[in-house]
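Engineer: all I have is the shape, not the residue letters:
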């Protein structure tokens, strides 16, 4: 069922893409690299980290952070060193070599760059995307939202009586008094619609947001409830829990997220594979 | 002197390392907040909401940021503003303090936009240049001299032909514009196409980027032109205004916002044109048409006023930073501060009939690491690996020493002494707008209905009118009445012969400190006055114009505030010295209770004494745009 003319046109377009040329060139290098791979000696396949190297890493760390590195810090730095060195040797073995620290880093960067372009996968099938959507609910969720009205009692105006004033006003509001004229003026809004919990916390402080989030939707007023700004009576008329957005509504975002994550993982794997080809010896602590 | 920073940058380049950042799919929060039938987004408020944002952010595409080892993109910057965690070039995580922002703008330097990343990308033509081999060479001195050439070129406005690749520059500009469009969610999150115009004027004999800062950020309300006007087109900001006038005539509305007048060496508010001609009404009109706002506080200090200019203002000595860009040379005070410019504006108005300094106030971070550091207790400054650690920032003693008396004489210590220890965890712009859309927020910029904070999201309303009464303070619809019967911040209040009343109303940041006092700053053509108008404790003493001491202090062992201040302060205020026949400019300054400065937090965490030559505590603050009283008839 393939449409030949369409697929030919697609190939033509591909052939004129600079990226395509680059991938072909990179593939050629890769093949060359695999050919060389078999014939290298053990010494070439060993990354030695001397005591002097360790001291240099520690000194760099101290100059940058102002403290001596912990064992964890050292381990992280050694990992980075091994990673860069392994990638750089691979790059050097392709004949791109020169020999000093900056060039080593640059070679490692170049190699990473090549790997990341090779890892450009085609779009995954529907099933993979749906599975991704299901396994990463936090990325595709609408937050909990509240629709509420509040009446503000300012402690800066009323002092200690703010809370008792608010308590005293509760029955009136529940009996139908107009909330628009109750309490003290509030600088922002008295009514908010579909406000995400995070926004409630930003406007009133986190404690108030937590308290409101737990209130069921109702037509009656409740309180007093404290916020970072004072005391409030509150009527929550809608409390919509966080909702996983159906796959159909976020298909594109799922695809973009899958691609980005997959690419990152494949890059990391490719780098790990290269590092795995090396034996690492650290002076004073045996092999890694 | 830039040589020293760059040398440090280069040394630290060797130690830099990066790892991938966790990220969330853009737009994963679901459908955009759809406008209703009237075209309004949810959250629309005719009495306007306060929105907070940062209008000044650099990413890897800025030539200097790239040398600071910054690799984060415009996408990363917007994700940071939306609350996601991104990575600092020194390897630690950055998450925005206080939750997501409402608006955010990437303003990369237009000069050589994206050129350095391209020079460092194998396979590009630019990477084949000898200059690229030098810029990313193995020899720090070669890198330095190569980078200096770029700095000198930006300052002198003379392109380096081989590096001035407009195809790359324009395509990276198009990418930044596209990123702004991609993250714009009407009703939720606003972005603008924007860039920095990086004019520097130097009378000092130093290489590189150093000199008096005349930088501006340029913002487009909607569509943006395919090429950004930079100093490589002209270093004269008046030529930028001509270009912006052309864009506006072509339907691309734009404003420019100058920043760091404090280190402009007296040139930002100089009483002459760029070429030294006398100012005239055409100059004033063009300047105000293009530059209705000024950035008054950011990482590189606060430009409100200087103790030498305002000896009677007890709060004038706040986060003063005076060294010229990339230099240890001091900036001239006169012509560099906002309050003095307001006074000179009134003088010009009274004598010549025009005011080139009729501008409102905003604030920003000027972060070069894609994410702003706004909180004193979570600070990472702004120039990447160059000041990415407490040692580099001079908040803890140099390794190997414990006392501040025995600091070595080296580049790290010297740069920290002169620059980084004096920088600030500042600032954010507050905007009063009906809704969170490009149109509403840009219109607020035009109205100058904006305020500037030094980091916290305190909110402040400010109105002036002739019909306000004292008892309106208890009216349920106070803000609505204030709009109906007066003008908000940024407005002109035209006289009726009566004494106007001002409504000042400040609310703390629910996630930061409490308030100590609210002040009105009054500026006339021959003087200035700072008057407390609302206090945490009681009312101001009318004879001194000051609140009584509210006893606020900080427990220096834990950086915890000892007493709490007010959650909100409000007052109706009338100027006791009001003269209906004279122009006067009034703006509001809100002061929080004292809290630990970032340098104190870092010293406390390190278990070493705080640096003695910077304040241990500061009072975070907000500044509103003024209301200008203009006598009627």
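Structural biologist: Noted; the coordinates are in hand. The structure presented is a predicted model; accordingly, all values stated were derived computationally and were not measured. Residues are numbered from 1 along each chain as shown, chains lettered A, B, ... in the order given.

Engineer: what bits of chain B have low per-residue confidence?
Structural biologist: B:1-35, B:203-210 (pLDDT under 70).

Engineer: backbone torsions only: list them for the residue in the stretch 351-500 of chain B that chain A sits nearest to.
Structural biologist: Closest residue of the stretch 351-500 of chain B to chain A, CB to the nearest CB: residue B:391 (3.4 Å). From N, CA and C alone the C-beta is placed, and that goes for glycine too. When quoted as degrees, to the nearest 10, the phi and psi of residue B:391 stand at phi -60, psi -50.

Engineer: residue B:283 versus that one, what's the distance?
Structural biologist: For residue B:391, the distance to residue B:283 equals 47 Å [CB to CB, to the nearest Å].

Engineer: any idea how far residue A:83 is from the residue of the stretch 351-500 of chain B closest to chain A?
Structural biologist: From residue B:391 to residue A:83 the distance is 26 Å (CB to CB).

Engineer: again with residue B:518
Structural biologist: Distance from residue B:518 to residue A:83, by CB to CB: 55 Å.

Engineer: the two: who's more crowded?
Structural biologist: residue B:518 (28 against 19; other CB atoms under 10 Å in any protein chain shown).

Engineer: so what's the residue count around residue A:238?
Structural biologist: 11.

Engineer: that's a strand at it, yeah?
Structural biologist: Yes: secondary structure of residue A:238 (DSSP: H, G, I helix; E, B strand; the rest coil): part of a strand.

Engineer: what bridges to it?
Structural biologist: Residues in a beta bridge with residue A:238, per DSSP bridges, are residue A:147.

Engineer: that one and residue A:144 touch, don't they?
Structural biologist: No: contact criterion CB atoms under 8 Å: residue A:238 and residue A:144 do not qualify, at 10.7 Å.

Engineer: can you list residues touching both of those two?
Structural biologist: Shared contacts of residue A:238 and residue A:144 (CB atoms under 8 Å, 6 or more residues apart in numbering or on different chains): none.

Engineer: residues of the stretch 151-288 of chain A that sit close to chain B?
Structural biologist: Residues of the stretch 151-288 of chain A lying near chain B by CB under 8 Å from any CB of the partner chain: A:154-157, A:180-185, A:187-189, A:192-195, A:198, A:201-206, A:208, A:227-230, A:245, A:249-250, A:252-254, A:256-257, A:260, A:264, A:268.

Engineer: of the residues you listed, keep whichever come out buried.
Structural biologist: A:154-157, A:182-185, A:187-189, A:192, A:195, A:198, A:201-206, A:208, A:227-230, A:245, A:250, A:253-254, A:257, A:264 (16 or more other CB atoms under 10 Å in any protein chain shown).

Engineer: next step: the residues you listed restricted to strands.
Structural biologist: A:192, A:195 (DSSP state E).

Engineer: so which of the buried ones among the residues of the stretch 151-288 of chain A next to chain B sit within helices?
Structural biologist: Taking DSSP state H as the definition of helices, those contribute A:155-157, A:198, A:201-204, A:206, A:208, A:253-254, A:257, A:264.

Engineer: biggest separation within the residues you listed, which pair?
Structural biologist: A:157 and A:264 (54.0 Å; CB to CB).

Engineer: what pLDDT, on average, does the host helix or strand of residue A:269 get?
Structural biologist: Using DSSP states H and E, residue A:269 sits in helix A:251-276. For helix A:251-276, mean pLDDT is 81.

Engineer: any chance you could map the strands in the stretch 1-150 of chain B?
Structural biologist: Per DSSP state E, counting those that start in this stretch, the stretch 1-150 of chain B carries strands over the ranges B:49-57, B:86-87, B:93-94, B:103-106.

Engineer: let's have the ones you listed in a markdown table, adding distance to residue B:288 and mean neighbour count.
Structural biologist: Listed next are the strands of the stretch 1-150 of chain B as a markdown table, based on distance: least, CB to CB, whole Å; neighbours: other CB atoms under 10 Å in any protein chain shown:
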| stretch | distance to residue B:288 | mean neighbour count |
| --- | --- | --- |
| strand B:49-57 | 18 | 25 |
| strand B:86-87 | 37 | 22 |
| strand B:93-94 | 37 | 17 |
| strand B:103-106 | 21 | 27 |
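
Engineer: relative to residue B:478, which of those strands is closest?
Structural biologist: Nearest to residue B:478, of the strands of the stretch 1-150 of chain B and by CB to CB, is strand B:49-57 at 14.7 Å.

Engineer: who does the closest one touch, helix- and strand-wise?
Structural biologist: Applying 3 or more CB pairs under 8 Å, 6 or more residues apart in numbering or on different chains; DSSP states H and E, one finds that strand B:49-57 contacts helix B:74-81, strand B:103-106, strand B:216-220, strand B:293-298, strand B:428-433.

Engineer: wait, which of the ones you listed is closest to residue B:492?
Structural biologist: So among the helices and strands packed on strand B:49-57, strand B:293-298 is nearest, using CB to CB, at 15.7 Å.

Engineer: and residue 124, how many neighbours does it have?
Structural biologist: Reading this off chain A. Residue A:124, neighbours per other CB under 10 Å, totals 16.

Engineer: can you look at chain B instead?
Structural biologist: Neighbour tally, residue B:124, other CB under 10 Å: 16.

Engineer: more crowded one of residue B:391 and residue B:283?
Structural biologist: Taking neighbours as other CB under 10 Å, residue B:391 and residue B:283 compare with residue B:391 leading, 24 against 18.

Engineer: would you check how far apart that one and residue B:407 are?
Structural biologist: Applying CB to CB to residue B:391 and residue B:407 gives a distance of 11 Å.

Engineer: which residues are common contacts for these two?
Structural biologist: Common neighbours of residue B:391 and residue B:407 (CB under 8 Å, 6+ apart) are residue B:398.

Engineer: report the contact partners of residue B:537.
Structural biologist: B:547-548, B:550-551.

Engineer: so it, which of the three states?
Structural biologist: Applying three-state DSSP: residue B:537 is coil.

Engineer: what residues does the stretch 101-250 of chain B put near chain A?
Structural biologist: Residues of the stretch 101-250 of chain B lying close to chain A by CB under 8 Å from any CB are B:121-123, B:136-138.

Engineer: buried subset of those residues?
Structural biologist: B:123, B:136-138.

Engineer: nearest to residue B:77 among those?
Structural biologist: The nearest one, if we look at those relative to residue B:77 and count by CB to CB, is residue B:136, at 23.6 Å.
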